[in-house]
Each structure stands twice: as structure tokens, then as C-alpha cells.
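Visitor: I would like the atomic coordinates for the input below:
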Amino acid sequence: MNRFEKPGMPNEARIRYLDGDYQVETPGTFVRCAVTDTVIPLDELKYWSVELQEPYIDAHASLKRFQETQKSS
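Guide: Down below sits the predicted model:
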């Protein structure tokens, strides 16, 4: 905990996304969707990109990011 975090306050985790799993690099209670900026509690995290190293709130957000990255390739 750093001096700006208050005890009991939720804080954002830093995650390393792997195939079928993830590793918590910095403890926290949530991550933010890379597409919608929606808070995702870690126990509800189901969608992410290993290649882009970013989380998604749902399959629709994941598909949207996939389509965006395919257009730029």
C-alpha cells in the first residue's frame, strides 16, 4: 500500500495475462476494461488478450478490440 491508498479502499491490480490464466503482479481488487473503462472485479475477470495484455468486461468488448486490431494489421 502506498501513502495515497486508504485501508479498505479498492485498488487497481496489475496483471500479466497468460493463456487461460493470469498472474497478479501488483495486488488489487479490480482491473479496468481496455475498451469500455468499466471496473472488472478480479473474481469476475473472464476475458483478456495475451497478445495485447489487456482485460475486457465481456465477449463483445473483446470482439470489438479484435476487430480494431485486425483493421490496422
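
Visitor: which stretches in this structure count as strands?
Guide: 14-18, 21-26, 30-32, 39-41, 47-49, 54-56 (DSSP state E).

Visitor: next, name the residue at the spatial heart of the chain.
Guide: residue 55 (3.0 Å; C-alpha atoms, centre = their mean).

Visitor: pLDDT weak spots in the protein?
Guide: Scanning the chain for pLDDT under 70 picks out 1-8, 72-73.

Visitor: how does it look with 90?
Guide: Applying pLDDT under 90 to the chain flags the ranges 1-10, 71-73.

Visitor: which residues does the residue nearest to the centre of the chain bridge with?
Guide: Applying DSSP bridges to residue 55 gives these bridge partners: residue 48.

Visitor: kindly report the same for residue 41.
Guide: Under the criterion used (DSSP bridges), residue 41 bridges to residue 30.

Visitor: heads up, I number from 514, so please use that
Guide: With 514 as the first residue, the last one maps to residue 554.

Visitor: what about it, distance to residue 570?
Guide: Residue 554 sits 11 Å away from residue 570, going by C-beta to C-beta, to the nearest Å. (Each C-beta comes from the backbone N, C-alpha and C, glycine too.)

Visitor: between the two, tell me which one has more neighbours.
Guide: Counted by other C-beta atoms under 10 Å, residue 554 and residue 570 do not tie: residue 570 has more neighbours, with 21 against 11.

Visitor: tell me how far the more buried one lies from residue 576.
Guide: 12 Å.

Visitor: likewise residue 555?
Guide: The value you get for residue 555 to residue 576, if C-beta to C-beta is used, is 22 Å.

Visitor: ok, the two, which is more surrounded?
Guide: A direct count of neighbours by other C-beta under 10 Å for residue 555 and residue 576 places residue 555 higher, at 16 against 13.
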